[in-house]
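Structure for the following, please:
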Amino acid sequence: MGKKITVEALVDGGKASSGPPIGPALGPTGVNMGLVIDTINKKTAGFKGLKVPVTIEVDSADRSFEITVKTPMTSSLLFKEAGIEKGSGEPNVEKVADLTIDQVCNVARMKRDDINSIAFENAVRTVLGTAQSCGLTVDGIEPKEMQEKIKSGEVKVKE
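So this is what the prediction gives:
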């Protein structure tokens, strides 16, 4: 087993290319660039239109590689659900979109492993915290209020 070379990059879902940042970093390793790019594009196809963090680990001895794909940032997933490109510059003053609790739950399902939350309810509350900082509302109310309603049991979330 040779030296491990690790490259971390942020790629467009399903649209990675051999250009920067991947190409220049992997070129000297001699790895099959086309195969690496194809693998990344297959693994990130479900995240079209989003920036996806990927880690490429290459064994310099046999030129084998392993690709790890993480989920996009929570805010990016929320923006996609809301149909907007960016959040509010002043989230406590300007609200830019309203999501349903079901949309928030969809994002929580995608991010659950990254959030390291055992209880789904906690993952939802974490995503609501991000929604708050992006200037989003949920079912017409502040995400903080929705967090309290979930905590008190007034609103039930389905896993």
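
buried ones in stretch 43-53?
For stretch 43-53, a neighbour-count test (16 or more other C-beta atoms under 10 Å) marks 43, 44, 47, 50, 52, 53 as buried. Bear in mind the C-beta positions are built from the backbone N, C-alpha and C, glycine included.

Check the second one and give its pLDDT.
Looking at residue 44, its pLDDT reads 94.

Over to the fourth one?
Per-residue confidence (pLDDT) for residue 50: 89.

The third one too?
Among the per-residue scores, residue 47 holds a pLDDT of 88.

Make sure it is actually in contact with residue 13.
Yes. With contact defined as C-beta atoms under 8 Å, residue 47 reaches residue 13; the gap is 3.2 Å.

Generate TSV for the buried residues of stretch 43-53, with secondary structure as supplementary columns.
Compiled in TSV, these are given as follows (DSSP: H, G, I helix; E, B strand; the rest coil):
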residue	secondary structure
43	helix
44	helix
47	helix
50	coil
52	strand
53	strand
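
Closest one to residue 35 out of those, please.
Taking C-beta to C-beta as the measure, residue 35 lies nearest residue 43 of the buried residues of stretch 43-53, at 12.5 Å.

need the contact list for that closest one.
54, 67, 69 (C-beta atoms under 8 Å, 6 or more residues apart in numbering).
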